[in-house]
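Novice: sharing a sequence plus its predicted fold:
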Amino acid sequence: MLDEYLKAQKAAQREYKARIARGELPFVEALDDIVPDSNVMKHQELGTIEIPTWLISGTMTRARQNSFAANFMPLLEADSEFAAKWENLYQAQLDEGFHSAIKVYEYLHRFYVQEGNKRVSVSRFLDMPTIMASVTRVIPDDETLKAHPIYAEFLDFYKVCPIYDLECREPGTYREIAKLLGRSIGQDEDPWPEDLVRSLQSAYWHFTRVLEAMQGKLSEMPRGDAFLVYLRIYTNDALSSKSNKEIDQRLNRIKNELFTAQNKDSVSLVESSEEAIKAGDGDGSGIPKPSALVGKVISSLTYTKKKPLKCAFVYDRKPEVSNWIMNHENGRKQLEKAFDGIVATKVFTGAGPATGSAALDEGSGNTLEAIDAAAEWGADVVFTVSPTQLDDALRAAIKYKDIIFLNCSVNIARQAVRTYYSKLYEAKFLAGIVAAVYSDNHKIGYCSDYPIYGTIAAINAFARGAAMIDPEAEIYLDWKSRQDGNWWHTMEEQGIRVISAVSSTHPVDGSSTYGVFRIEEDGSIRHLAAPVWKWGQFYTVIVRTIIDGTYNAKRVSRKDQATNYWWGMQSGVVDLALGESISPYTRALVSMLKEGIVNSAITPFDGELTSQDGCVKKESDPPLTSMDIINMDWLNENIIGEIPSKEKLNEEAKATVSVSGVKEK
């Protein structure tokens, strides 16, 4: 037995020296040092349960702290009474196992031993994954829970699904795991069925065993976060019994997704068409002319009219009922026209294919079945145009390795699916300027759709543009997706006559209230300005990079980052259409500012920024980064309104916000 103790002691000494070299505490932690008043805090008895040994972080008090290195291996001499007791426990575990449970306190998802330190040490030495323990939870105060939102979320998860070793780092992970399993978590939720909890625990245990064997960079990733990536892709049968070999094969298929998920800078923004394609074939904007495109394609002899590049567009509803889908449908038609037969497109929705918009059925359909149909058609590229289709696109991308997948969203890290979106805030900034010119009472209405990435920046840019013309301008914000909301009624009540509404010059409902408009004294609508989505420009450029082989160039394709295209006026993906009645002076002002935006001389968020809650950025502070703009979760000081919580939105909006919504405060 002495040989085993000496091995354990050597492991302790190695850990001790390594920790000293890094300037870290070389011993196990003591809860008394972390929470000096833990004895007076609220406690919750969890009973005797099996806990993961790797989550045991230290001792309850300092009394035994110096006996163990940080890895719980023993430091005391081999001829000590401590060593003799350790050896006896080692032999007892080999002969018949431990008979009694250790006693631990749990705080912030870590265990601290009150009785049984040597048993923990022996268990760690023998690589035992779990040990029986009588657990008392120390409940953190409200301030600590606010500082550790992922632990607060874990408490809700544990209430319905008591699994300790499923530890996550990113807030929202537990909720998403529950959602993927068709469940939810929260203080008012009932415990999940025992068979579901057992299936989840078993699947997670097998998953982590295989994950550990992969080693490499993935060893730094929290196992729960990695399991979420796995669950997203293999949702339907992730909990079914799988051999280690099958799980290993799956993990190798999604390895790049795991690398991306553990990277703090998981999203790589490609912010202009010039970054994606070599300039020179077009007009200098990076957007090639159709003749140049066709000539390049024909010369390459890769795709022809007899053998075109096939691009599938997967919609979740028909264009006739959605402005958003109609804009993409127009872009699809422009794509086909640009390549004059070298590129073939087809629309898919629901359970099968449809040619053109007339064949589409109303409703969300089944994205996976639609993609299967697109693959059967022979699609080389699949565009999914709604954020809610993202994870289905990811599952399909893992299944169909030879097909290129893209999804219309931004700031979402999925390695196998590139995302794309426009810098709408640039057009909204100019629209705010126009709105302020034509408002005669300092009141301007703004109706937005969903509080998703990029939307808040558009609202703030509009508000800042308006304030530059009229410092007293107030922007009354309402949300089209608010439950039981009536944004038009709200605007009427406030006496607002200039309003920014649907961002489409061709609303599918035939309404005349789109873009920025003014309600005249006689009730007629005067169109002032409207942001214009030019998805055809984006699709044309991206398809060209696929045809000429630059789509996977190193400057846009990275192993551990997801590629997100985020293009604006410079790339011609978004513009502002002005009404015919706009004065030539206002038209000239907008033209000058637009030129400044295109040339990167002007950004809507230059200078000092002040939110409803105070200063966000001083004049002397560095400019906001693109990710700062995408992730905006505050409203400008001249906005009257709020960013609604998910609970206040309708069901369609909730589904979208669950995927790409700004994080709630």
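Specialist: Here it is on my side, so go on.
Novice: and the residue nearest the centre of the chain?
Specialist: I412 (4.0 Å; CA atoms, centre = their mean).
Novice: surely it touches T419?
Specialist: Yes: counting by CB atoms under 8 Å, I412 does reach T419; the two are 5.7 Å apart. Yep, even glycine has a C-beta here, placed from its N, CA and C like the rest.
Novice: overlap in contacts of those two?
Specialist: Shared contacts of I412 and T419 (CB atoms under 8 Å, 6 or more residues apart in numbering): 390, 562, 564.
Novice: any quick ChimeraX command for the buried ones out of these?
Specialist: Command for ChimeraX that selects the buried part of those, burial taken from 16 or more other CB atoms under 10 Å:
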select :390,562,564
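Novice: among the shared contacts of I412 and T419, which lie within helices?
Specialist: Those of the shared contacts of I412 and T419 mapping onto helices are L390, per DSSP state H.
Novice: I'd like the shared contacts of I412 and T419 laid out as JSON lines, including distance to Y5 and pLDDT.
Specialist: Shown next, in JSON lines, are the shared contacts of I412 and T419 (distance: CB to CB, whole Å; pLDDT from 0 to 100):
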{"residue": "L390", "distance to Y5": "54", "pLDDT": "93"}
{"residue": "A562", "distance to Y5": "49", "pLDDT": "91"}
{"residue": "N564", "distance to Y5": "54", "pLDDT": "94"}
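Novice: ok, the shared contacts of I412 and T419 vs A8, which is closest?
Specialist: Comparing the shared contacts of I412 and T419 against A8 with CB to CB places A562 closest, at 43.4 Å.
Novice: now the closest residue to the closest one other than its chain neighbours: which helix or strand?
Specialist: Leaving out its chain neighbours, the residue that sits closest to A562 by CB to CB, 6 or more residues apart in numbering is A413, at 4.2 Å. Using DSSP states H and E, A413 is not contained in any helix or strand.
Novice: okay, strands next: where are they in the stretch 51-200 of the chain?
Specialist: For the stretch 51-200 of the chain, the strands defined by DSSP state E, counting those that start in this stretch occupy 56-59, 102-107, 110-115, 130-138.
Novice: highest average neighbour count across those strands?
Specialist: Ranked by mean neighbour count, the strands of the stretch 51-200 of the chain are led by strand 56-59 with a mean of 25 (mean count of other CB atoms under 10 Å).
Novice: follow-up on the earlier one: save the strands of the stretch 51-200 of the chain as a markdown table, and put in distance to N71 too.
Specialist: A markdown table is the format used below for the strands of the stretch 51-200 of the chain (distance: least, CB to CB, whole Å):
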| stretch | distance to N71 |
| --- | --- |
| strand 56-59 | 11 |
| strand 102-107 | 17 |
| strand 110-115 | 14 |
| strand 130-138 | 15 |
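Novice: between those, which gets nearest to S660?
Specialist: strand 110-115 (32.8 Å).
Novice: give the other helices and strands that that closest one contacts.
Specialist: Judged by 3 or more CB pairs under 8 Å, 6 or more residues apart in numbering; DSSP states H and E, strand 110-115 is in contact with strand 56-59, strand 102-107.
Novice: mind saving the C-alpha coords of stretch 247-262 as PDB?
Specialist: Output of stretch 247-262 as PDB, limited to C-alpha atoms (Å, rounded to 0.1, in the frame of the first residue of the first chain):
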ATOM      1  CA  ILE A 247     -20.600   9.100 -30.100                       C
ATOM      2  CA  ASP A 248     -16.900   9.400 -31.100                       C
ATOM      3  CA  GLN A 249     -17.900   9.400 -34.800                       C
ATOM      4  CA  ARG A 250     -20.500  12.100 -34.100                       C
ATOM      5  CA  LEU A 251     -18.100  14.300 -32.200                       C
ATOM      6  CA  ASN A 252     -15.500  14.100 -35.000                       C
ATOM      7  CA  ARG A 253     -18.200  15.300 -37.400                       C
ATOM      8  CA  ILE A 254     -19.000  18.300 -35.200                       C
ATOM      9  CA  LYS A 255     -15.500  19.000 -33.900                       C
ATOM     10  CA  ASN A 256     -15.300  22.400 -35.600                       C
ATOM     11  CA  GLU A 257     -18.600  23.400 -34.000                       C
ATOM     12  CA  LEU A 258     -17.100  22.500 -30.600                       C
ATOM     13  CA  PHE A 259     -13.900  24.500 -31.400                       C
ATOM     14  CA  THR A 260     -16.100  27.500 -32.300                       C
ATOM     15  CA  ALA A 261     -18.400  27.300 -29.300                       C
ATOM     16  CA  GLN A 262     -15.400  27.400 -26.900                       C
END
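Novice: in that stretch, what's buried?
Specialist: Those would be 247-248, 250-251, 254-262, for stretch 247-262 by 16+ other CB under 10 Å.
Novice: quick check: E664 vs G454, distance?
Specialist: Using CB to CB, to the nearest Å, E664 is found at 16 Å from G454.
Novice: more neighbours: which of these two?
Specialist: Comparing E664 with G454 by neighbour count (other CB atoms under 10 Å), the higher total belongs to G454, at 21 against 14.
Novice: separation between that one and L145?
Specialist: 30 Å.
Novice: need the contact list for Y164.
Specialist: 49, 51-52, 55, 109, 158.
Novice: any chance of a markdown table for these, columns distance to R332 and pLDDT?
Specialist: Listed next are the contacts of Y164 as a markdown table, based on distance: CB to CB, whole Å; pLDDT from 0 to 100:
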| residue | distance to R332 | pLDDT |
| --- | --- | --- |
| I49 | 56 | 96 |
| I51 | 55 | 96 |
| P52 | 51 | 95 |
| L55 | 51 | 95 |
| H109 | 48 | 96 |
| Y158 | 47 | 96 |
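Novice: can you pick out the most distant pair from those?
Specialist: Longest span within the contacts of Y164, CB to CB: I49 and H109, 14.2 Å.
Novice: which of those two has more residues huddled nearby?
Specialist: Neighbour count, other CB under 10 Å: between I49 and H109, H109 has more, with 17 against 13.
Novice: pretty sure the more buried one is touching L55, no?
Specialist: Yes: counting by CB under 8 Å, H109 touches L55, with 6.9 Å between them.
Novice: any shared contact partners between these two?
Specialist: 164, 167.
Novice: how much space between the residue lying farthest from the centre of the chain and L2?
Specialist: Most distant residue from the mean C-alpha position of the chain: D79, 55.6 Å away (CA atoms, centre = their mean). Separation of D79 from L2 (CB to CB) stands at 9 Å.
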